[in-house]
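S.K.: Sequence plus predicted model, see below.
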Amino acid sequence: MKNSSFILVLLGAAVLFIAFRWAYSSDSSKEEPEKVTCSSTIEDIMTRTSVRSYSDKKVAKETVDTLLRAAMAAPTAMNKQPWRFVVIEKRELLDSIAAKFKSMTMAAKAPLAVVMCGDMIAAIEGEGREYWVQDVSAASENLLLAAHAVGLGAVWCGIYPIAERVNYFSKMLELSDNIVPMACICIGYPEGINQPKDKWKPEYVHYNSWQ
């Protein structure tokens with residue numbers, strides 16, 4: 001009998017212990033918010049910055065292919081994928097871009113540039129036609145982030161909608177009439193250290209209405 005009573009006491013104590021642990025874990029999970037782990041993707045987004053000075057190190061074709069694959073993984077309205085890309089590696093073309101536009105002088109040192117284009121044949125018809133700009137912009141940001149992730153530096157130089165720039169790139173690259181150059185992204189291995197800007201401004205954020 002004494003043994004039976006002792007076993008019952010032990011079982012009761014075990015049940016109380018388990019119940020206490022369950023209650024404690026439930027309460028603590030309510031009190032402490034879940035911690036967000038900073039992934040490498042978030043880190044790349046937060047540390048990416050425009051790079052305008054490059055070393056003379058060449059960028060391998062396999063690396064360029066990786067950047068273009070990343071660009072084509074971007075979201076696109078109705079899956080139209082109107083993006084098209086012209087990779088510029090010829091020194092004379094890069095130098096001519098640098099000489100023509102003050103905002104693109106970094107092309108003179110860049111080993112390559114990618115001209116991000118939109119195909120108007122592939123674009124949505126009607127009122128949504130201009131979504132091609134958003135699609136190509138999304139692809140451009142993907143390319144910038146991919147470049148940073150693999151140790152490259154890059155800078156986005158706008159082309160569209162400035163007519164002079166559109167006409168210059170269209171003529172230089174012999175683009176078809178349905179192809180519109182939107183941006184020129186200069187790419188290379190960074191020369192020196194480039195610090196990202198802290199652009200976080202909570203006052204820019206509104207919830208549910210502007211007020």
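M.R.: All right, it came through fine.
S.K.: Pull stretch 177-197 out as CSV, backbone CA atoms only.
M.R.: Extracted in CSV, the C-alpha atoms of stretch 177-197 (Å, rounded to 0.1, in the frame of the first residue of the first chain):
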residue,chain,number,x,y,z
ASP,A,177,11.1,50.4,-83.3
ASN,A,178,9.2,48.3,-80.7
ILE,A,179,12.1,48.3,-78.3
VAL,A,180,12.4,51.2,-75.8
PRO,A,181,15.6,51.6,-73.7
MET,A,182,14.5,52.4,-70.1
ALA,A,183,17.8,52.4,-68.1
CYS,A,184,21.5,51.8,-68.4
ILE,A,185,23.0,49.9,-65.5
CYS,A,186,26.8,50.2,-65.3
ILE,A,187,28.5,47.3,-63.6
GLY,A,188,31.9,46.3,-62.3
TYR,A,189,33.9,45.3,-59.3
PRO,A,190,33.9,48.3,-56.8
GLU,A,191,37.0,50.4,-56.5
GLY,A,192,37.2,51.5,-52.8
ILE,A,193,34.6,51.3,-50.1
ASN,A,194,31.0,52.4,-50.7
GLN,A,195,28.8,53.1,-47.8
PRO,A,196,25.0,52.8,-48.2
LYS,A,197,22.7,55.7,-47.2
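S.K.: in the chain, what spans have low per-residue confidence?
M.R.: 1-38 (pLDDT under 70).
S.K.: helices or strands up against the lengthiest strand in the chain?
M.R.: When the chain is scanned for its longest strand (criterion: DSSP state E), the result is strand 179-188. Packing contacts for strand 179-188, counted by 3 or more Cβ pairs under 8 Å, 6 or more residues apart in numbering; DSSP states H and E, involve strand 112-119, helix 131-149, strand 153-158, helix 163-172. (C-beta placed from N, C-alpha, C; glycine too.)
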